[in-house]
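S.K.: Give me the fold of what follows.
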Amino acid sequence: MKKETKGIWESIREPVLNSIKISLLETWDIIIIDAFSNRLEMVLRRYVKYLPKYVGESEIDDLRTISQLEFLETIKVWDPELCPDVWPLAQRRILGAMKDHIRYISKSDPTRFYDWITDAAYVFMAINKRADFENQIETGIQLNQAMSGLNYREKKIVVLHTKNDMTFKEIGGKFGISESQISRIYKASIMKIKKK
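M.R.: Residues are numbered from 1 along each chain as shown. I've put the predicted structure just below:
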C-alpha cells in the first residue's frame, strides 16, 4: 500500500507542487517579498558596492526590482524536497540576474552608458571645483594671517610682486624709491612671513 501511495505521489508530485507554488505566489507575493526583504536588500547592497558609484546610484531601483522578481521566479523552480531552504538557490540566481542586467544595459543601451559617464564627470568636476574654491579660501586666509605682522608698505610690495607680478623696478616707481630698496624690503618682508 505504501509503495502504491508513493508511486501515485511521484506521478503527481511535480504538478501539485507547481500548483501550490503558483497559488502561493499569486496570493502571498507581497508578504513573501516582505519576509525576505532584509536578505534581498543585503544582496543588493553587497552587489552595488562593487559597481562604479554612478552606475550603482542610477541602477539601484532597477536592480531592487530585478532581485524581487528573480526571488519569486526562484520559488517557482525550487524543489523543497531537494533543498529545504530556498535562500541559497535564490541568492545565486538573484546575483546572476543583477549581473545580467548590468551587462545587458551596458551593451544594448549606449546612451545609458553615456549618461553614466557624463553624470560621473559632472560630479567629479563639481567636487574638484569645490575643493579648488575651498583651497583658494584657505590659502587666502593663511596669507592674510601670515602678512598680519607686516606694515602697509611691506604688504603692498609683497602683493604687487607676487600677485600682480610686477618687477621691483615697477614697484619702486610707484613708491618713488630705488629697485634695490624694494628688493631689500621684499626680502625682509618674506623673512618676517617665514618666521610666523
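S.K.: separation between the spatially closest residue to I193 that is not a sequence neighbour and A97?
M.R.: The spatially closest residue to I193, leaving aside those adjacent along the chain, is A146, at 4.7 Å (CB to CB, 6 or more residues apart in numbering). All C-beta atoms are positioned from the backbone trio N, CA, C, and that covers glycine. Taking CB to CB, to the nearest Å as the measure, A146 falls 60 Å from A97.
S.K.: before we move on, back to that, so how many other residues sit close to the residue nearest to I193?
M.R.: Residue neighbour count, defined by other CB atoms under 10 Å, stands at 16 for A146.
S.K.: so which helix or strand takes in it?
M.R.: helix 110-146 (DSSP states H and E).
S.K.: Which SSE is immediately downstream of the helix or strand L69 falls within?
M.R.: Per DSSP H and E, L69 falls inside helix 53-77. Scanning the chain past helix 53-77 towards its C-terminal end, the next helix or strand to appear is helix 87-108 (assignment: DSSP H and E).
S.K.: Give me the mean pLDDT for that next one.
M.R.: For helix 87-108, mean pLDDT is 88.
S.K.: most centrally placed residue in the chain?
M.R.: Nearest to the mean C-alpha position of the chain, by CA atoms, centre = their mean, lies K53 at 3.0 Å.
S.K.: could you check the angle helix 53-77 makes with the strand or helix carrying R13?
M.R.: According to DSSP H and E, R13 maps onto helix 2-35. Computed with axes from the mean of the first three to the mean of the last three CA atoms, to 10 degrees, the direction of helix 2-35 lies at 150 degrees from that of helix 53-77.
S.K.: show me the residues around the residue nearest to W78 when sequence neighbours are not counted that make contact.
M.R.: In this structure, W78 finds its nearest non-sequential neighbour in V86, 4.8 Å apart by CB to CB, 6+ apart. By CB atoms under 8 Å, 6 or more residues apart in numbering, V86 lies in contact with 74-75, 78, 80.
S.K.: Can you find the helix or strand in this structure with the smallest mean pLDDT?
M.R.: helix 110-146 (a mean of 59; mean pLDDT, DSSP states H and E).
S.K.: Give the next helix or strand downstream of it.
M.R.: Helices and strands here follow DSSP H and E; after helix 110-146, the next one along the chain is helix 152-162.
S.K.: distance between the helix holding L69 and the chain's centre?
M.R.: In terms of CA atoms, centre = their mean, to the nearest Å, the centre of helix 53-77 is found 18 Å from the chain centre.
S.K.: between that helix and helix 87-108, what angle do the directions make?
M.R.: Comparing the axes of helix 53-77 and helix 87-108 via the same axes, to 10 degrees yields an angle of 130 degrees.
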